[in-house]
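Any chance you can model this:
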Amino acid sequence: MPMIRRGAQVPARWRLLACGLVLVASCSVAAAADGGVVDVHALPKLEGAVEDTSRPESWRLEYRMPTAEAVTAPALKKLLGADGWVTYLRPLDEKSTTLNFKKGRQGLSVHFTQRLGRPDQSVVTYSSDRIYGNVPFPDGATDIMFDGTRPYLGCIAPTALDATSDFFGREMAAIGWQKLTPETAARWTSSLDETVPNGLRAYYEHPDSQETGFYKQKPVMLTLTRRDDGRTNVEIRVAPFALPEVLEADDDMAGLPRPKPTKSARSLGSASSNKREISAAAMAELPAVRAFYHRELAARGWQEDGSAPLAPGDDVAIKISSAEETGVLRLGRKYDFTMISLTAQVKESALAARAKAKKEADEKFLGDALGAAQQLIAADEARRKTQAASLSDAPLNALADSKTPVPLPETAQDVTFEGGDGRLEFTSTSSVKALSTFYRTTLKNAGWKEQPSVINQPNMAVMAFSKGGKSISMTVMQMGPKVNVRADGSGLVMEAAKPAASPEVQAKSSEPLKPDPESQLPVPTQRSSKSLATTKMPGSETPFRRELEASIPASLAEVLAFYRAELSKLGWQEKADGATVSAERAQIDFTSPQGPAVLKLGRAKGETTVNLVQKNSDAAVKADIMPKAGQARLMLGNIGPKEASLTINNQTMKIAAGAGGPQSPKGPMLDLPPGKYQYALRLPGRPARTETLTVAAGEAWGLMVGPSGDVLPLQMY
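Below is the predicted model of the structure:
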């Protein structure tokens with residue numbers, strides 16, 4: 001280290017460093033001199049202790065013991081007791097396994113944990129506890145209950161009343177407590193009540209003291225009473241006249257009032273529950289708490305209906321009631337707290353009225369929904385007939401120079417052929433009948449044999465062909481003003497390599513993507529289309545499935561970055577397993593606060609397509625549509641006039657007319673393993689209709705039979 005000769009000028013930055021070191025040293029000395037904080041590293045440790053030296057804090061120490069907690073705890077209690085530490089319990093924390101100790105004005109808590117995988121070993125943690133309101137413990141006292149923040153002391157002194165009184169008079173003064181007289185207590189109260197049956201009472205105050213840690217200490221009341229066994233009961237607590245007489249209201253719990261301040265509070269139920277309850281320990285006298293509830297309950301439309309039978313621990317029990325509820329308010333004293341128990345129960349008449357109103361609202365909602373569905377189905381049927389009238393039934397010729405394994409009709413448009421996967425798809429302005437006839441004729445002439453099919457309707461036909469061990473499945477379906485043809489199978493597979501496609505050059509957005517603040521699910525304001533679908537139970541405002549679809553004029557990378565940022569802000573966590581991201585598509589699973597979710601991105605027409613689905617697990621469980629683990633749930637409904645039957649996975653279920661409607665909201669349900677299923681629907685006087693449905697684990701689907709016999713599949717979860 002370079003030396004500075006005497007008399008030389010010292011650079012300013014060196015002088016600052018020296019000042020800083022002096023300040024640090026001063027703070028360290030002050031901390032070391034704080035008599036209210038024990039240096040736990042100087043405390044005795046049990047034999048065999050292995051200290052964790054990675055924690056240098058003076059207020060915390062951790063060491064490992066080769067014995068279980070049941071052996072370690074009593075041994076440590078004995079060891080610290082021999083060093084002058086007195087153990088005690090905290091009010092309202094009597095069952096805690098943490099040991100609390102006091103020595104003079106220093107506090108210590110000792111916590112035990114079992115070593116992971118080693119039930120025969122334990123870990124001991126010392127933590128310093130600062131005592132802000134120190135009071136003396138009588139030597140040999142038992143049943144000590146102490147809280148050094150107020151303070152509160154309850155115990156049994158082993159000495160007689162006079163000796164105990166002499167002890168506290170002497171030791172309270174040694175700590176700095178000053179006995180109140182009527183003159184010194186005048187700013188608190190006009191009189192001091194020192195009368196105690198079979199005992200005595202005194203009041204003390206303590207001035208602020210940086211040395212002993214007292215600050216704005218409220219006066220305390222010492223009460224001593226004789227016991228039949230010659231010992232003395234001791235209680236020190238904040239003097240009643242120093243506590244507030246008018247209590248303010250804290251935040252409600254379960255929709256019920258709670259005073260301020262409280263040491264602890266808990267509640268059961270919510271403001272809308274049929275039964276709700278609140279319990280708390282108020283840091284106030286019982287009359288003040290009683291006046292608080294008299295005021296707050298009256299302001300909320302409750303009235304008092306006389307006394308209720310007292311339960312153990314009660315000093316006051318009052319019946320209360322409102323227009324829709326009845327309840328009981330119970331107040332009692334424990335330590336220096338007023339214990340509160342307030343329960344409220346909805347009246348049977350109110351429950352019946354609520355149930356009736358809900359039933360009527362549900363029936364109206366379902367009736368409106370049924371009417372809307374019937375209108376929608378009727379309008380769709382009329383639209384299909386109108387559109388079908390514009391389709392041509394004229395015989396078709398094969399398109400010349402077709403490169404597909406099967407011929408294409410001359411009206412084929414938007415042809416997509418994937419020879420490696422054996423898939424063909426196109427649209428046409430010809431009718432279902434004309435296209436079905438075209439393929440039945442041309443494939444038969446080419447040696448293909450058609451398998452029988454039950455689906456051969458004016459708006460849909462399903463055909464299956466086989467030849468030389470190969471097969472082709474074909475679906476021809478009217479989709480609006482055109483007909484869509486889809487075919488797949490080994491008969492369409494071509495071994496020739498497909499020409500390499502030129503990679504798409506994805507255009508970037510002209511400006512950073514901004515979230516739409518009005519959208520329920522994140523979506524950029526820069527979009528060409530957006531739709532949001534929700535699935536919920538009738539009468540409920542909470543959807544158990546939300547699905548957003550959008551098209552964004554931006555690159556897939558930009559859209560992916562947008563969703564990762566926005567979903568993270570909503571508390572969604574991305575799952576690493578199963579995520580797939582490429583230049584053309586992405587799929588990422590998320591865990592949202594409401595339940596599982598998935599984001600799918602793709603490319604179409606020079607834009608990035610978005611499909612975002614979020615599920616609400618709690619709502620699904622409440623609505624009884626949550627499938628069993630690893631399975632999918634299928635729910636069946638029938639708004640048609642006749643009973644229907646549906647066969648799937650070798651099970652046949654009857655669906656009564658109206659099932660899933662206003663009079664019978666829940667229809668049959670079935671849990672299925674994940675997979676692709678063919679199902680057959682049968683209605684009286686009609687041929688069976690066969691469709692396919694693919695379900696995944698964790699999904700819930702509804703199949704609703706319409707008045708015309710059509711089946712509407714809907715993913716509900």
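
most centrally placed residue in the chain?
For the chain, the residue sitting closest to the mean C-alpha position, by Cα atoms, centre = their mean, is P593 at 5.6 Å.

Need phi/psi at the residue nearest to that one when sequence neighbours are not counted.
Counting by Cβ to Cβ, 6 or more residues apart in numbering, P593 lies nearest to G571, which is 5.0 Å off, once chain neighbours are set aside. Just so you know, the C-beta spots here come from the backbone N, C-alpha and C atoms, and that holds for glycine as well. Main-chain torsions, G571, degrees, to the nearest 10: phi 90, psi 10.

Likewise for the one 10 residues further on?
Dihedral pair for V581: phi -140, psi 130, per degrees, to the nearest 10.

so how many other residues sit close to the residue nearest to P673 when sequence neighbours are not counted?
In space, and not counting its chain neighbours, P673 is closest to Q631: 5.9 Å by Cβ to Cβ, 6+ apart. Applying other Cβ atoms under 10 Å, we find 17 residues neighbouring Q631.

Need the phi and psi values for Q631.
According to degrees, to the nearest 10, Q631 has phi -130, psi 170.

quick one, helices of the stretch 501-650 of the chain?
556-569, 617-622 (DSSP state H, counting those that start in this stretch).

For this structure, which segments count as helices?
12-32, 69-82, 161-175, 286-299, 348-390, 432-445, 556-569, 617-622 (DSSP state H).

Going by contacts, tell me the helices and strands next to the shortest one.
Right, helix 617-622. Packing partners of helix 617-622 (3 or more Cβ pairs under 8 Å, 6 or more residues apart in numbering; DSSP states H and E): none among the helices and strands.

which parts of it are buried?
619-620 (16 or more other Cβ atoms under 10 Å).

Run through who's touching it.
Residues outside helix 617-622 that contact it (Cβ atoms under 8 Å, 6 or more residues apart in numbering) are 536-537, 540, 542-545, 594-596, 626, 700, 717.

Do me a favour and average the pLDDT over that helix.
Averaged across helix 617-622, pLDDT comes to 80.

now that helix: how far from the chain's centre is it?
12 Å (Cα atoms, centre = their mean, to the nearest Å).

returning to what we had before: give the burial count for the residue nearest to P593, as a bare number.
11.

Can you tell me how far it is from N650?
43 Å (Cβ to Cβ, to the nearest Å).

go on, L672?
With Cβ to Cβ as the criterion, L672 and N650 are 11 Å apart.

cool, D624 as well?
25 Å.

Strands along the stretch 201-350 of the chain, start to end?
For the stretch 201-350 of the chain, the strands defined by DSSP state E, counting those that start in this stretch occupy 220-226, 232-238, 248-249, 259-260, 262-268, 275-282, 303-307, 316-321, 325-334, 337-346.

Throw those strands into a markdown table and include mean neighbour count and mean pLDDT, thanks.
Below are the strands of the stretch 201-350 of the chain laid out as a markdown table (neighbours: other Cβ atoms under 10 Å; pLDDT from 0 to 100):
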| stretch | mean neighbour count | mean pLDDT |
| --- | --- | --- |
| strand 220-226 | 20 | 96 |
| strand 232-238 | 22 | 97 |
| strand 248-249 | 11 | 94 |
| strand 259-260 | 18 | 94 |
| strand 262-268 | 15 | 92 |
| strand 275-282 | 20 | 95 |
| strand 303-307 | 11 | 95 |
| strand 316-321 | 18 | 96 |
| strand 325-334 | 18 | 96 |
| strand 337-346 | 21 | 96 |
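
Which among the ones you listed is found nearest to L99?
Checking the strands of the stretch 201-350 of the chain against L99 by Cβ to Cβ gives strand 262-268 as the closest, at 20.6 Å.

and that closest one, what does it pack onto?
strand 275-282.

what helices or strands is the strand it packs on leaning on?
Secondary elements touching strand 275-282 (3+ Cβ pairs under 8 Å, 6+ apart): strand 262-268, strand 337-346.

now those strands as JSON lines including distance to P312?
As requested, the helices and strands packed on strand 275-282 are exported to JSON lines (distance: least, Cβ to Cβ, whole Å):
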{"stretch": "strand 262-268", "distance to P312": "19"}
{"stretch": "strand 337-346", "distance to P312": "11"}
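
Of these, which is nearest K470?
strand 262-268 (66.9 Å).

Who does that closest one pair with, and is each partner parallel or antiparallel?
Strand pairing for strand 262-268, determined by DSSP bridges: strand 275-282 (antiparallel).

from memory P136 sits against G169, does it?
No: the pair P136 / G169 is not scored as a contact, 10.5 Å apart, by Cβ atoms under 8 Å.

Those two: which has the busier surroundings?
More crowded of P136 and G169, by other Cβ under 10 Å: P136, with 19 against 15.

So the closest residue to that one other than its chain neighbours versus P138, what's the distance?
Of all residues not flanking P136 in the chain, E171 sits nearest, at 3.7 Å (Cβ to Cβ, 6+ apart). For E171, the distance to P138 equals 8 Å [Cβ to Cβ].

More neighbours: the two, which one.
Of the pair E171 and P138, P138 is the one with more neighbours under other Cβ under 10 Å, namely 22 against 14.

about what we covered before: of all the helices of the stretch 501-650 of the chain, which lies closest to A350?
Comparing those under Cβ to Cβ, the one sitting nearest is helix 617-622, at 21.8 Å.

Contacts for stretch 233-243, please.
By Cβ under 8 Å, 6+ apart, stretch 233-243 touches 135, 138, 141, 150-157, 164, 168, 188-189, 199, 203, 218-227, 283-285, 288, 335-336.

Longest strand in the chain, please.
strand 118-130 (DSSP state E).

tell me which residues of that strand are tucked away?
Those buried within strand 118-130 under the rule 16+ other Cβ under 10 Å are 121-130.

which of the residues you listed sit farthest apart?
Q121 and R130 (30.7 Å).

now the longest strand of the chain: mean pLDDT?
Rounded mean pLDDT across strand 118-130 is 90.

and the angle for it with helix 69-82?
30 degrees (axes from the mean of the first three to the mean of the last three Cα atoms, to 10 degrees).

Partner strands of strand 118-130, with direction?
Strands that pair with strand 118-130, judged by DSSP bridges, come out as strand 60-65 (antiparallel), strand 106-115 (antiparallel).

So for Q375, which of the ones you listed sits nearest?
strand 106-115 (66.0 Å).

Buried residues in the closest one, which are they?
Buried-residue list, strand 106-115, by 16+ other Cβ under 10 Å: 106-108, 110, 112.

cool, and stretch 43-56?
43, 45-46, 49.

Where does the prediction get shaky in the stretch 301-450 of the chain?
Residues of the stretch 301-450 of the chain meeting the criterion pLDDT under 70: 369, 373, 376, 379-388.

what's near enough to touch Q210?
Contacts of Q210 by Cβ under 8 Å, 6+ apart: none found.

Can you tell me how far it is from F465?
For Q210 relative to F465 (Cβ to Cβ), the value is 97 Å.

Alright, that wraps it up for me.
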